[in-house]
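**Student:** this one's structure only:
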């Protein structure tokens, strides 16, 4: 009679799976709460203490850490000496292990739970059994995910739990235990407030395969760190499957709107950088203002809103070819309107970064890690560097420009007026070129740059950018400061009668 050891925290689907094994003639062994749950549905179960001939101890900390369990799992059936060794000690083989682990991640994320209570949710016996069974996958089936119950039971019912299936299950086990240990290591590092421990392990779960990567011919997939968080938390309400580039642009759009989360805002993004960004009285007003910045570049864009999208806003968006639109919610009428655009992906929800998460960039042979850029700013550290003080209107425009320019690819220049971008120069190799592009783009669609504010993500290394801004009629500039030529730059601004604010903070986005 084959034997199965079942010990699970997540008991979803357990009764059906165990009942199916029993119907096939399997002997069931279990522990504590799992045994109680199985007996409650009328299944005959042997306690693991009957197998080990040793009682559970230390409040359940020690129950499966025993040769009678691990000998039964690790013994190679194809080696007579292994089988003779376990027989000599009265150990019988165990042919299937079904284990899922104490919910450590949930405990670690529970507000107010003490460190000692979190530590109690570190599973020891479970990972040990999983690893033993997975190492001996040719003889032992190992199930860590309740989603695999039907597949495993179906294969056993057909007498077809072949080695390829067991190898797949073993691979899943080692990925699962690695992710579990990584979560524990991250928790310990956070207890020391150490964002960059000596060793960093990042566990990712594949959410979906993608049609292709940045270009056809490049295979791609979307992996998530936490199920139900970030982009993985968004619910798709319509449109085609999301692509690699869609997801990148969605991140860019949400990054652009993050600093404006407390007010109606709209970001229109192409190639991960805004081509229009604005705040308004409502979603429709913010969209109109954002679109006015660069309606040509908005073709094929991704659009993010910080507030619900209603029917009026949906009608406006539907008039433009858009790849994706994301908002906290959509009215039923808005969904109906947007659904008429077969290729438009409609995504609903709030995709926030979790506190303390790092920004990662892949390089050859390694990964760069950094803290995330801020989305709120302390104006107390700002300094007016010029003789002329900004007017209240200019100060409002400077605040907007500074919050907006951080989402633009460097070198970045953003022109702003009345809570909206009117010209954006992104990704240029020199700052004067970025300023030229911003002014050119603004004038191309008919914006009057006279009296506008200018935000720069880094300092001006020379006065040429200031002179160019003055020629366009810019009257107010906000930038980090810190150049060796700051005096020259400030003098240029004074010559032109401009006002200039130094923030003391750089916002590069590479």
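**Tutor:** Nice, thanks for sending it over. A quick note: this is a predicted structure, and the numbers were derived from the prediction, not measured. Residues are numbered from 1 along each chain as shown.
**Student:** What distance do you get for the residue lying farthest from the centre of the chain to residue 316?
**Tutor:** Distance to the chain centre peaks in the chain at residue 88, reaching 52.3 Å (criterion: Cα atoms, centre = their mean). Distance, residue 88 to residue 316, by Cβ to Cβ, to the nearest Å: 79 Å. From N, CA and C alone the C-beta is placed, and that goes for glycine too.
**Student:** So what's the residue count around residue 124?
**Tutor:** By other Cβ atoms under 10 Å, 14 other residues sit near residue 124.
**Student:** so what pLDDT did it get?
**Tutor:** Reported pLDDT at residue 124 in the predicted model: 81.
**Student:** and the gap between it and residue 104?
**Tutor:** 11 Å.
**Student:** repeat for residue 212
**Tutor:** Counting by Cβ to Cβ, the gap from residue 212 to residue 104 is 36 Å.
**Student:** Compare these two (neighbour count), which wins?
**Tutor:** Per other Cβ under 10 Å, whichever of residue 212 and residue 104 has more neighbours is residue 104, with 20 against 14.
**Student:** Would you quantify the distance from that one to residue 195?
**Tutor:** For residue 104, the distance to residue 195 (Cβ to Cβ) stands at 20 Å.
**Student:** And for residue 323?
**Tutor:** To residue 195, residue 323 is 34 Å away according to Cβ to Cβ.
**Student:** Neighbour count for the two, which is higher?
**Tutor:** Neighbours were counted for residue 323 and for residue 195 using other Cβ under 10 Å; residue 323 has more, 22 against 15.
**Student:** State whether that one is indeed within a strand.
**Tutor:** Yes: counting by DSSP: H, G, I helix; E, B strand; the rest coil, residue 323 is located in a strand.
**Student:** Please renumber the chain so that the first residue is 322 from this point on.
**Tutor:** Yep, numbering from 322; the last one is residue 644 now.
**Student:** Would you agree it is in contact with residue 619?
**Tutor:** No: between residue 644 and residue 619 there is no contact under Cβ atoms under 8 Å: 10.8 Å.
**Student:** can you pull out the helices in the stretch 322-471 of the chain?
**Tutor:** For the stretch 322-471 of the chain, the helices defined by DSSP state H, counting those that start in this stretch occupy 335-344, 353-361, 369-373, 388-395, 401-409, 425-429, 436-440, 446-456, 470-478.
**Student:** Provide the contact partners of the longest one at residue level.
**Tutor:** Applying Cβ atoms under 8 Å, 6 or more residues apart in numbering, the external contacts of helix 446-456 come out as 326, 328, 383-386, 390-391, 394-395, 415, 418, 420-423, 461-463, 465, 490-491, 494-495, 497-498, 501-502.
**Student:** Can I get the buried part of those residues as one PyMOL selection?
**Tutor:** The PyMOL command for the buried members of the contacts of helix 446-456 (criterion: 16 or more other Cβ atoms under 10 Å) is given here:
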select buried, resi 326+328+384+385+390+391+394+395+415+418+420+421+422+423+461+462+463+465+490+491+494+497+498+501
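**Student:** Which of the contacts of helix 446-456 fall in strands?
**Tutor:** Among the contacts of helix 446-456, DSSP state E puts 326, 328, 418, 420-421, 462-463 in strands.
**Student:** Out of those, which comes closest to residue 566?
**Tutor:** For those, the residue nearest residue 566 by Cβ to Cβ is residue 421; the value is 35.8 Å.
**Student:** partners of that closest one in the sheet?
**Tutor:** For residue 421, the beta-bridge partners are residue 329 (DSSP bridges).
**Student:** So for it, what's the pLDDT?
**Tutor:** Reported pLDDT at residue 421 in the predicted model: 87.
**Student:** mind listing what the residue lying closest to residue 487 once chain neighbours are set aside touches?
**Tutor:** Counting by Cβ to Cβ, 6 or more residues apart in numbering, residue 458 is the residue found nearest to residue 487 once chain neighbours are left out, at 4.4 Å. Residues in contact with residue 458 (Cβ under 8 Å, 6+ apart) are 484, 487-488, 490-491.
**Student:** Can you lay out the residues you listed as a markdown table showing distance to residue 362?
**Tutor:** Conversion of these to a markdown table gives the following (distance: Cβ to Cβ, whole Å):
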| residue | distance to residue 362 |
| --- | --- |
| 484 | 32 |
| 487 | 27 |
| 488 | 31 |
| 490 | 24 |
| 491 | 29 |
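**Student:** Rebuild those residues as CSV, extending it with pLDDT and distance to residue 678.
**Tutor:** Compiled in CSV, these are given as follows (pLDDT from 0 to 100; distance: Cβ to Cβ, whole Å):
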residue, pLDDT, distance to residue 678
484, 83, 39
487, 88, 36
488, 91, 33
490, 92, 31
491, 92, 30
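**Student:** from the residues you listed, which ones fall inside helices?
**Tutor:** The helices, defined by DSSP state H, take in 484, 487-488, 490-491 from the contacts of residue 458.
**Student:** Domains in the protein, by residue range?
**Tutor:** The chain breaks down into these domains under automatic domain parsing: 324-512, 556-669, 700-823.
**Student:** and of those domains, who's closest to residue 686?
**Tutor:** Nearest of the domains of the chain (Cβ to Cβ): domain 324-512, 20.3 Å.
**Student:** Could you tell me the end-to-end distance of that closest one?
**Tutor:** Chord length of domain 324-512, first to last residue, is 42 Å (Cα to Cα, to the nearest Å).
**Student:** In stretch 803-812, which of the residues would be classed as buried?
**Tutor:** 804, 807, 810-811.
**Student:** quick one on the thing from earlier: so which of the contacts of residue 458 is the closest to residue 340?
**Tutor:** Distance to residue 340 across the contacts of residue 458 (Cβ to Cβ) is lowest for residue 490, with 20.1 Å.
**Student:** thinking again about what came up before, so the residue nearest to residue 487 versus residue 498, what's the distance?
**Tutor:** From residue 458 across to residue 498, the span is 14 Å (Cβ to Cβ).
**Student:** would you list every one of the strands in the stretch 472-621 of the chain?
**Tutor:** 526-531, 541-545, 556-559, 586-591, 594-600 (DSSP state E, counting those that start in this stretch).
**Student:** would you turn those strands into a markdown table with distance to residue 760?
**Tutor:** Listed next are the strands of the stretch 472-621 of the chain as a markdown table, based on distance: least, Cβ to Cβ, whole Å:
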| stretch | distance to residue 760 |
| --- | --- |
| strand 526-531 | 38 |
| strand 541-545 | 37 |
| strand 556-559 | 39 |
| strand 586-591 | 19 |
| strand 594-600 | 15 |
